[in-house]
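Trainee: coordinates for the following, if possible.
(2 chains)
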Number of protein chains: 2
Amino acid sequence: MSLYPAPPRTLTIAGSDSGGGAGIQADLKTFTALGTYGLSVITALTSQNTLGVDGIAAVEPEFVSKQLRAVVGDIGVDAIKIGMLHNHKVIDAVADTLTELFGGTGDPRYPSIVLDPVMISTSEHVLLDSPSLPALQQRLLPVCTLVTPNIPEAMKLSSIESINTVDDMKTAAKKISELGCKAVLIKGGHLSQPQVFDVLYERESSEFTIYEHPRIYTKNTHGTGCTQSSAIAAFIAKGKPLREAIQLATDYVQAALLSSFDIGHGSGPLNHLVSILPRALSAPSELDPHPFTSYLIRSCAPEWTMYTRKHPFILGLKDGTLPRECFIHFLKQDYIFLMHYARIHSLAAYKSFSMEDIDAATDIVKHIIRESKHHIEYCQSWGISLEEFHSTQESGHTVAYTRYVLDTGVSNSLLALRVATAPCLLGYGEVGTWLHDDPDTKREGNIYWPWIEGYAGDDFQTAVKKGRDLLEDTVKTHPLSAAQLAEMVDIFRKATRLEVGFWEQSWSLHD
Amino acid sequence: MSLYPAPPRTLTIAGSDSGGGAGIQADLKTFTALGTYGLSVITALTSQNTLGVDGIAAVEPEFVSKQLRAVVGDIGVDAIKIGMLHNHKVIDAVADTLTELFGGTGDPRYPSIVLDPVMISTSEHVLLDSPSLPALQQRLLPVCTLVTPNIPEAMKLSSIESINTVDDMKTAAKKISELGCKAVLIKGGHLSQPQVFDVLYERESSEFTIYEHPRIYTKNTHGTGCTQSSAIAAFIAKGKPLREAIQLATDYVQAALLSSFDIGHGSGPLNHLVSILPRALSAPSELDPHPFTSYLIRSCAPEWTMYTRKHPFILGLKDGTLPRECFIHFLKQDYIFLMHYARIHSLAAYKSFSMEDIDAATDIVKHIIRESKHHIEYCQSWGISLEEFHSTQESGHTVAYTRYVLDTGVSNSLLALRVATAPCLLGYGEVGTWLHDDPDTKREGNIYWPWIEGYAGDDFQTAVKKGRDLLEDTVKTHPLSAAQLAEMVDIFRKATRLEVGFWEQSWSLHD
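Mentor: The predicted structure follows:
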């Protein structure tokens, strides 16, 4: 088990927002939507909705430390986002525990820490009291990788009384960085331009980076700062360098703002789900190592069972009672089918764009050609002459099946082509194995036993596995949407029905 | 703004797990991964990791009620999941507040409530004290849609001393339902069969439903119960009937267990991310209404700029200085291009599977044929005779471009075909608009002005919009994976380079 690699671990140290739009709730949603594993240390509880905060319940500083130790000690973290800390006792507890766990300022054991210096909520509720400011500046800023104040917070942190331009923001960022953090990102949303400028200052290189993005006019901005800082932490945890992490986080926040929805009566949340899609097909697992083929088969269970288990033609092969003339008709049509089956795989080679894939498709063509030669020999053992073989007319049903597969190959993607050819490959593999392994199958004296052995044999079964793996690999690298999956099911079902018809056309000749 | 519909609202009333694997953290991850909007009322804080719970901080019952009122009063809920309640005071507070908000037992205003009667953690920490059991039974069960005990919890709730078989589970489920809940799901994981049977009993219909699934052998089961109950609540909120919601939630939990990863030193969490994929392309928004085409263009910015803004051929059209012989060469080759462009759209019609799509593709073919007739008339005005036209040899570059697009159309999907034709359509649309609207473009005395007017005109611009919308609609209904998107970018870039080459072949004739 546990073939799955653990995702990067991201921790939020922040308050809880019952309304789900900000705080650890927004952080955990962001972590999940960006593919990281979310951990949380709760610093305070708020009773809150889109209209504002109507109550705060403090958490004992010791219990904040306890959570932090429990999480870091056992699970570990790749990046930390720190949000609302409520008061200076919590700030001290967090700072003390970080020192205890990671050492003093500048210790290389420190993970990346993104500090969102939350002071006032979007709804103007005070979330950090003024006496706590020095604690934040002196105890936490020095261990931070990045601090992300908005303009009012930057004014407080830098003691600069007015910030009205990008130049003012630069001055403030530089001044804040002198408190000891590696970088400062001042978010310019509070300035009233139609374009928003966020200013990054990195202390070591003394470089500024300006992030420009259009202002988004929406009332649904509750939790923007929380989301931005946790998204930066998530991208850092995923290994992105700081500047790129900020750009990616900004893009995510913009998309989440643009796709926000109205919920509640006040300032609604961002749409954290904007970065994800439902997975149409589960990932391969021990229990279901071939989810695509098993989904296709499950989706047309009645047709598949008729094709591979219940059709009187197969039951006749099983107990040896299938009339000879039915089988001879089948063999002749199957030879014609094989020719077109070679053509469709040649088309697959044409539709491939690497030597490896062209080679794989060509191997299948070669395999079919070999199979067709055995087929002729085998038919001769049934008394069918070569002349008779070559003068066989293609039946209406054989035309229907082969041309359906060929048309799918021409008119649709390479994956669709492969799906259209899959019922033949997988189904004959299944029929062969079942008839061969079932103790009820007649062996001695069953004239069809050699045919059964052929399809149960290694040569054919290896081809089945290769074909199935090719299908599975394609959807693993190119995951399907629900609509694409439904289209593939339609093709698979149609081809399976045409396989049933293929038994039927020969079976129907019996008296 | 807010074109986005709000997702279903799901609320968890439960404890917090700092380790992120259980409690409201698991619930919020589940809600997010299943596409609902998560809300939370925290009933207690735990300091916890994969090794167990090492501390619990109670939350005042009044503050639990306050959170519940804040959330339900403003935002509202479509389904509620109730987990760890810690003690009878919290149970009373939740029960009282639910009555206050939704009325007495049986009031139709109640949303669906799924109660996971958490009593002991996976790590055997007591999460609900024994004196609280009667409160749970008498005050909460009567308002629940579904209660989801495991075997030990079912024994306590039903006062049945041993549950060893599916029949025992049925008896217990029926007995628990007599406490007033609409349905009971007893999870059979604690019985030691290799197959697990979960038993659902629905009181109104007196019907049993058995859910059978293979036991998954993994140590990473921390939060299984939380995830299962919140997933059921999420599927109910999404409108699924109870039985289907349970099946879908069970499938999700199985997939999440099968794809779990090792994190921490003890019982790790489920992989909540198993149901989602990263979205390769953002959804359309006001700011970026055509994300697919804008992504394609952005991804090959240098080629696109050369093609639509910088090539000397266009600059020559702009200021009227393009040598006549270059333009005449271009017109002749463009006519040949148009013929193949009609063929590729005819192939698109062949590759379409609805009368509507065939009609749309055919309209484009008709449009190209009309355009080509104007083209001939226009060329005659440039002194090119019909004979000269028809005897024009297709240049090597025209062969390259047209056959590349045709081969893409044959060898790849319909979407790829459309992407290959897009640079021509979108680019000429952009060139036409730019040259037409730019005040620096020479108008009077510019022999190329009528050509510019043609591409800036309504007829062509409407075709551009239609083609672009068709592309956007396709990826909206069939979202692309990152790998599929990268493949489309490659095709778009190649066709754009071939467009640059198309200017170049005529431009290179100048002295």
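
Trainee: give me the three-state assignment for A:Y110.
Mentor: coil (DSSP: H, G, I helix; E, B strand; the rest coil).

Trainee: what pLDDT does it get?
Mentor: pLDDT recorded at A:Y110 is 93.

Trainee: OK, contacts around the residue nearest to it when sequence neighbours are not counted?
Mentor: Spatial nearest neighbour of A:Y110, chain neighbours left out: A:F102 (4.6 Å); criterion: C-beta to C-beta, 6 or more residues apart in numbering or on different chains. Every residue, glycine included, has its C-beta placed from N, CA and C. Each residue near A:F102 by C-beta atoms under 8 Å, 6 or more residues apart in numbering or on different chains is listed here: A:109-111, A:143.

Trainee: wait, is A:Q254 part of a helix?
Mentor: Yes: applying three-state DSSP, one finds A:Q254 inside a helix.

Trainee: next, count neighbours for the residue in the stretch 351-500 of chain A that chain B sits nearest to.
Mentor: Going by C-beta to the nearest C-beta, chain B is nearest to A:S413 of the stretch 351-500 of chain A, at 4.0 Å. By other C-beta atoms under 10 Å in any protein chain shown, 24 other residues sit near A:S413.

Trainee: ok, for it, nearest residue in space, not its chain neighbours?
Mentor: A:S413 sits nearest to B:S413 (C-beta to C-beta, 6+ apart), 4.0 Å away.

Trainee: pLDDT score assigned to that neighbour?
Mentor: For B:S413, pLDDT reads 94.

Trainee: what residues are up against it?
Mentor: With C-beta under 8 Å, 6+ apart, B:S413 has these contacts: A:412-413, A:416.

Trainee: how about A:V274?
Mentor: So A:V274 contacts A:33, A:252, A:255-256, A:258-259, B:279, B:282-283 (C-beta under 8 Å, 6+ apart).

Trainee: and A:F261, by the same measure?
Mentor: So A:F261 contacts A:220, A:268, A:271, B:2, B:4-7 (C-beta under 8 Å, 6+ apart).

Trainee: can you pick the most crowded of those residues?
Mentor: A:N220 (27 neighbours).

Trainee: specify the local secondary structure of that one.
Mentor: coil.

Trainee: that one reaches A:H265, doesn't it?
Mentor: No: assessed by C-beta atoms under 8 Å, A:N220 is found out of contact with A:H265, at 11.9 Å.

Trainee: what's the burial count for whatever residue of the stretch 101-250 of chain A ends up closest to chain B?
Mentor: Per C-beta to the nearest C-beta, A:T218 is where the stretch 101-250 of chain A lies closest to chain B, at 4.6 Å. Neighbour count of A:T218, defined by other C-beta under 10 Å: 18.

Trainee: per-residue confidence for it?
Mentor: Value for A:T218, per-residue pLDDT: 88.

Trainee: quick check: phi and psi on it?
Mentor: Main-chain torsions, A:T218, degrees, to the nearest 10: phi -150, psi 150.

Trainee: that one contacts A:L257, doesn't it?
Mentor: Yes: using C-beta under 8 Å, A:T218 is in contact with A:L257, at 6.0 Å.

Trainee: thank you, goodbye.
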